[in-house]
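pasting a predicted model and its sequence here:
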Amino acid sequence: MGEIWEGLVAGFWLVVTLDSDLVEITLRSLQVTVSATVIASVIALPFGAWLAIRRFRHRRATIAVLNALMGLPPVVVGLVVYLLLSRAGPFGVLGLLFTPTAMIIAQVIIITPLIASIAHQSIRDIWAEYHDLLISFSTTRKQRIATLLWDGRRALLTAALAGFGRAIGEVGAIMIVGGNIDHATRVLTTAIALETGKGDFALALGLGFVLIGLSVAVNMIIHAVSRTESEGKW
Amino acid sequence: MVNTILPLEVTNASVKRRGKTLLGPIDMNFSQTGCTIVLGPNGAGKTTLLRALHGLERLAKGQASWQVPLKEAHLRQAFVFQTPIMLRRSVRDNLLYPLCLRGMSRQDAMKKAEQWSARVGLDYALDQAAPRLSGGEKQKLALARALITEPEIVFLDEPCASLDGRATREIEAILQAAREEGTRLVMATHDIGQARRLATDVVFLMHGRIIESGPADAFFAGPKTPQAAALLQGDIVE
């Protein structure tokens, strides 16, 4: 109990004094996670919509695999990305290992199935409602996807935020591909892991509280900006 | 000279689902003007007929031939569903949607949306969320959204079902005006009174087959089949 209290105090002082290390790793956490969320959303949202409206052989199997991939083990993703980006790997020449870019790549792989799966569920419901109308309007497949994405934007925001939530709390994959290098690839989660390893539980907890606060703040800001609850059902 | 998509010629058309014939075989001809009312009990195939003509149901046999290629014909027709489907947008955006799909400039589309909202009496609700309108308002919006692209033919699937008398009268007035402007109407209804008010010709369906069809005056004055006579007398027809 004492350590939790000390952690709260440590976190409070880190924020109040705008500790330079904390600011740096917080900004890097945001940079990596927001980039990964945006990239994953650009891939996953249209894919989820496409999957909702397209009928093809093995569609059910594809959806089942997509749902299963939501639970993709981050450590395994980290290992695969590490092997691909390492000097001996196929993309070693790009020199991306132990950079924030490598961390973004790993996070994109982890959260894309999650966002796509949630998006698919939401879009499928809207598609069931809109199906006859959009066919009647002679819409092309692109127009249908654009309409469903736009009209389902609030539900899709939730999907993107779920991806953001998973990415910002992720540690296994980015530890492997980022290396937790001070002033280069250290982010909040890897810093917490490091401080825990060193036995500085108060600082680790402090960073943990900052991480939770950051995640809540981002969610609240996005909900406020997009007025999620202000226009009711639609 | 602009080619018209009408007349529509339907030959030997049938619709099947899971091996069961829901409609047909049917032969019909829809001329360039007028209002065809499709009558019949529940399950007679009224909705299936309209959906098949509009291309929402695939024909198992036969064909529906327009005077222009199918893709072009489809762009010049519209469908109004029994339960109005509202896009999760404002009334204005619902009206803009089909115009934007057809590549109309935003400015022209806005002007047209305002004209049509006034015409159907929804100008006060332009910025309201369409899904929050009342049943009658939704159906008027659906009708305006169908007519705003100036289609040559509109299929209407019981557009006044579950509406009160006032809303029904407003819908009928919009339909009469559209017909007078040259829009061909094909409408399914259970309401014999409405059929008498609107029809220029009637198609009476039972069990997916046309039992009787012809000019409305003749149909209402002297139906040729006992089923149609029973329907007009207010008997229950199954």
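Yep, it's here. These numbers were taken from a predicted model, which means no experiment stands behind them.

how about chain B: which residue is closest to chain A?
B:Arg88 (3.8 Å; C-beta to the nearest C-beta). Glycine gets a C-beta too; all of them are placed from N, C-alpha and C.

burial count for that residue?
21 (other C-beta atoms under 10 Å in any protein chain shown).

now do the SS call for it.
Secondary structure assignment for B:Arg88 (DSSP: H, G, I helix; E, B strand; the rest coil): coil.

list the contacts of the lowest-mean-pLDDT helix or strand in chain A.
Taking mean pLDDT, DSSP states H and E as the measure, chain A has helix A:2-16 as its least confident helix or strand, at a mean of 80. Taking C-beta atoms under 8 Å, 6 or more residues apart in numbering or on different chains as the criterion, the residues outside helix A:2-16 that touch it are A:19, A:22, A:201-210, A:213.

what is the nearest of the residues you listed to B:Ser65?
Closest approach between those and B:Ser65, by C-beta to C-beta: A:Gly213, at 67.1 Å.

I'd say B:Pro151 and B:Phe79 touch.
No: with contact defined as C-beta atoms under 8 Å, B:Pro151 and B:Phe79 do not form a contacting pair (9.2 Å).

could you measure the residue of chain B closest to chain A against A:Tyr130, distance?
When distances are taken as C-beta to C-beta, to the nearest Å, B:Arg88 and A:Tyr130 turn out to be 9 Å apart.

could you tell me which residues touch both of the two?
Residues touching both B:Arg88 and A:Tyr130 comprise A:Asp151, with contact defined as C-beta under 8 Å, 6+ apart.

any regions of the chain where pLDDT drops low?
Here I'm looking at chain A. For chain A, applying pLDDT under 70 flags the ranges A:1, A:227-234.

ah, I was thinking of chain B
With pLDDT under 70 as the threshold, chain B has low-confidence stretches at B:1-2.

can you pull the contacts of the residue of it positioned farthest from its centre?
In chain B, counting by C-alpha atoms, centre = their mean, B:Gln107 sits farthest out from the average C-alpha position, at 28.8 Å. When contacts are counted by C-beta under 8 Å, 6+ apart, B:Gln107 is found next to no other residue.

what's it sitting at in phi/psi?
Its backbone dihedrals place B:Gln107 at phi -60, psi -50, with angles given as degrees, to the nearest 10.

and what of B:Gly193?
Backbone dihedrals for B:Gly193, given as degrees, to the nearest 10, come out at phi -60, psi -40.

test my guess that the residue of chain B closest to chain A contacts B:Tyr97.
No: with contacts counted by C-beta under 8 Å, B:Arg88 stays clear of B:Tyr97, the gap being 11.3 Å.

write out the residues of chain B neighbouring chain A.
If contacts are counted using C-beta under 8 Å from any C-beta of the partner chain, the residues of chain B sitting beside chain A are B:54-56, B:71, B:74-75, B:78-79, B:81, B:85, B:87-89, B:97-98, B:101, B:129-132.

for B:Arg209, list each beta-bridge partner.
Following DSSP bridges, B:Arg209 is listed with bridge partners B:Met206.

let's verify B:Asn12: helix, strand, or coil?
Going by three-state DSSP, the secondary structure assigned to B:Asn12 is strand.

please name the nearest non-neighbouring residue to it.
B:Gly62 (3.6 Å; C-beta to C-beta, 6 or more residues apart in numbering or on different chains).

number of residues surrounding residue 14?
No chain was given, so I picked chain A. 19.

chain B was what I was after
Neighbour tally, B:Ser14, other C-beta under 10 Å: 18.

just to check, it is in contact with B:Pro25?
Yes: using C-beta under 8 Å, B:Ser14 makes contact with B:Pro25 at a distance of 4.8 Å.

can you pull out the strands in chain B?
Listed in chain order, the strands found in chain B under DSSP state E are B:8-17, B:20-30, B:35-39, B:61-65, B:77-80, B:153-157, B:184-188, B:201-206, B:209-215.

from B:Thr47, how far out is B:Asp157?
5 Å.

now swap in B:Pro7 and tell me
The value you get for B:Pro7 to B:Thr47, if C-beta to C-beta is used, is 22 Å.

these two: which is more packed in?
Ranked by neighbour count (other C-beta under 10 Å), B:Pro7 and B:Thr47 place B:Thr47 first, with 21 against 16.

go ahead and confirm the more buried one touches B:Val186.
No: with contact defined as C-beta under 8 Å, B:Thr47 and B:Val186 do not form a contacting pair (11.9 Å).

got the buried residues for the strand or helix carrying A:Leu27?
For A:Leu27, the element it lies in under DSSP states H and E is helix A:20-53. Applying a neighbour-count criterion of 16 or more other C-beta atoms under 10 Å in any protein chain shown, one finds A:22, A:25-26, A:28-30, A:32-33, A:35-37, A:39-41, A:44-53 buried in helix A:20-53.

now for that helix, which elements pack on it?
Packing contacts for helix A:20-53, counted by 3 or more C-beta pairs under 8 Å, 6 or more residues apart in numbering or on different chains; DSSP states H and E, involve helix A:59-69, helix A:100-136, helix A:141-151, helix A:153-168, helix A:188-198, helix A:201-226.

quick one: closest of those to B:Gly121.
Between B:Gly121 and the helices and strands packed on helix A:20-53, the shortest separation by C-beta to C-beta is 22.1 Å, and it involves helix A:100-136.

so what's the gap between that closest one and the chain middle?
Taking C-alpha atoms, centre = their mean, to the nearest Å, one finds helix A:100-136 lying 13 Å from the centre of the chain it belongs to.

helix A:141-151 and that one, what's the angle between them?
Interaxial angle of helix A:100-136 relative to helix A:141-151 (axes from the mean of the first three to the mean of the last three C-alpha atoms, to 10 degrees): 110 degrees.

what angle sits between helix A:100-136 and helix A:188-198?
Between the direction of helix A:100-136 and that of helix A:188-198, the angle (the same axes, to 10 degrees) works out to 140 degrees.

is any part of helix A:100-136 close to chain B?
Yes: contact of helix A:100-136 with chain B (C-beta under 8 Å from any C-beta) involves A:Ile126, A:Glu129, A:Tyr130, A:Asp132, A:Leu133, A:Ile135, A:Ser136.

burial count for the last one?
So the one you mean is A:Ser136. Using other C-beta under 10 Å as the criterion, the residues surrounding A:Ser136 number 22.

that one and A:Tyr130, how far apart?
A:Ser136 sits 10 Å away from A:Tyr130, taking C-beta to C-beta as the criterion.

what's the closest non-adjacent residue to residue 46?
By default, I'm working from chain A. If the residues on either side of it in the chain are set aside, A:Pro46 comes closest to A:Ile145, at 5.9 Å by C-beta to C-beta, 6+ apart.

let's do chain B instead
Closest residue to B:Lys46 apart from its sequence neighbours, by C-beta to C-beta, 6+ apart: B:Ala188 at 3.8 Å.

thanks a lot, see you next time.
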